[in-house]
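Participant: All I have is the shape, not the residue letters:
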């Protein structure tokens, strides 16, 4: 078991990593200064049926089910959660435990943020994406038809429990998808592809969590450095929005991030920010994690560009996180025609 401390000045907490750490929930609830009276677990029907799911055995725990995946991140799900919290007469001395992937911790965390203007939440992320990214840092949100995560709030958890045992039950595609966020962290740390062969899954999770914790501690509300964690996400979020409208099962978040990383480094190269060696290292990292760089053919370039303009980093322009000689930076107002050209070349090369 390893603990990574997220040293926020207002509400510090630990991310606990290791096999079986979900069983630490009881101790955390006992030790927390919240002094909770009721505990409500928010999860999905599919996860509740898993053999490892044992957080509902206590008679004092109420379980609320929400839809699986991105289908949960809607105003309807948010309203339903808040209505059920109200029916249970939850108070600010109670606690929500979100057990699920990144989408579920997003919506459960947002509900906890807005119900009674904020009640405590603990995250038990059940996917690799959730464990290395979504459940850490206090960013909560739901989607709009026009964009990902456009309605949300910052609401830090009391604790995050990243149980590696749970990952063993993931479907192959879900597990593979998680490596998109891991690849992002590896690249943000400026690490070489050649070092990946000696890194275990636990090493990769710890590296990613440490990076997220360090950045969140210095920029809790994404006013500066934290935006760098969106590397690859401008294209990724655009693809996800289009996929949700077309077929929610077409693209997983980590898959979209992998595509976005491959595109972002090529855009940086076209802008003269990086050389071909940086592009090659990106490609080797993405290949190691078996992440596809193929943009779904179902979406036209014009639709993708339009969706990029709705990204939450944008200010009525095309905005990207890009590598360069000074490291990674948020680059605003990137030339529209250049983005179109690089995207078309990227698609044709696959």
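Facilitator: Cool, got the structure. If you're wondering where the values come from, they're calculated on a predicted model, not measured in any experiment.
Participant: switch to C-alpha atoms for all contacts and neighbour counts from now on
Facilitator: Fine.
Participant: So which residues of the stretch 151-300 of the chain form strands?
Facilitator: 159-163 (DSSP state E, counting those that start in this stretch).
Participant: just the helices in it please.
Facilitator: Listed in chain order, the helices of the stretch 151-300 of the chain (DSSP state H, counting those that start in this stretch) span 164-167, 172-188, 201-218, 233-246, 253-270, 276-288.
Participant: Out of the ones you listed, indicate the one that is most buried.
Facilitator: Most buried of the helices of the stretch 151-300 of the chain, by mean neighbour count (mean count of other CA atoms under 10 Å): helix 253-270, with a mean of 25.
Participant: Okay, angle between that helix and helix 233-246 too, please.
Facilitator: Relative orientation of helix 253-270 versus helix 233-246 (axes from the mean of the first three to the mean of the last three CA atoms, to 10 degrees): 140 degrees.
Participant: Could you pull up the mean pLDDT of helix 253-270?
Facilitator: Averaged over helix 253-270, pLDDT sits at 98.
Participant: Any figure for the gap between the closest residue to residue 285 other than its chain neighbours and residue 303?
Facilitator: Closest residue in space to residue 285, ignoring its immediate chain neighbours: residue 193 at 5.0 Å, by CA to CA, 6 or more residues apart in numbering. For residue 193, the distance to residue 303 equals 33 Å [CA to CA, to the nearest Å].
Participant: which of the two has more neighbours?
Facilitator: Using other CA atoms under 10 Å as the criterion, residue 193 and residue 303 rank with residue 193 on top: 19 against 12.
Participant: Next one: the more buried one relative to residue 200, how far apart?
Facilitator: Counting by CA to CA, the gap from residue 193 to residue 200 is 14 Å.
Participant: if I pick residue 18, what's in contact with it?
Facilitator: 1-2, 162-165 (CA atoms under 8 Å, 6 or more residues apart in numbering).
Participant: Just the buried positions in the helix or strand of the chain with the lowest mean pLDDT, please.
Facilitator: Within the chain, confidence by mean pLDDT, DSSP states H and E is lowest for helix 25-31 among all helices and strands, at a mean of 85. Across helix 25-31, burial judged by 16 or more other CA atoms under 10 Å covers 25, 29.
Participant: continuing past it, what's the next helix or strand?
Facilitator: Downstream of helix 25-31, the next assigned helix or strand under DSSP states H and E is strand 39-44.
Participant: Same question for the following helix or strand past that next one: list its buried residues.
Facilitator: As assigned by DSSP H and E, the chain's next helix or strand after strand 39-44 is helix 45-48. Neighbour counts over helix 45-48 (16+ other CA under 10 Å) mark 47-48 as buried.
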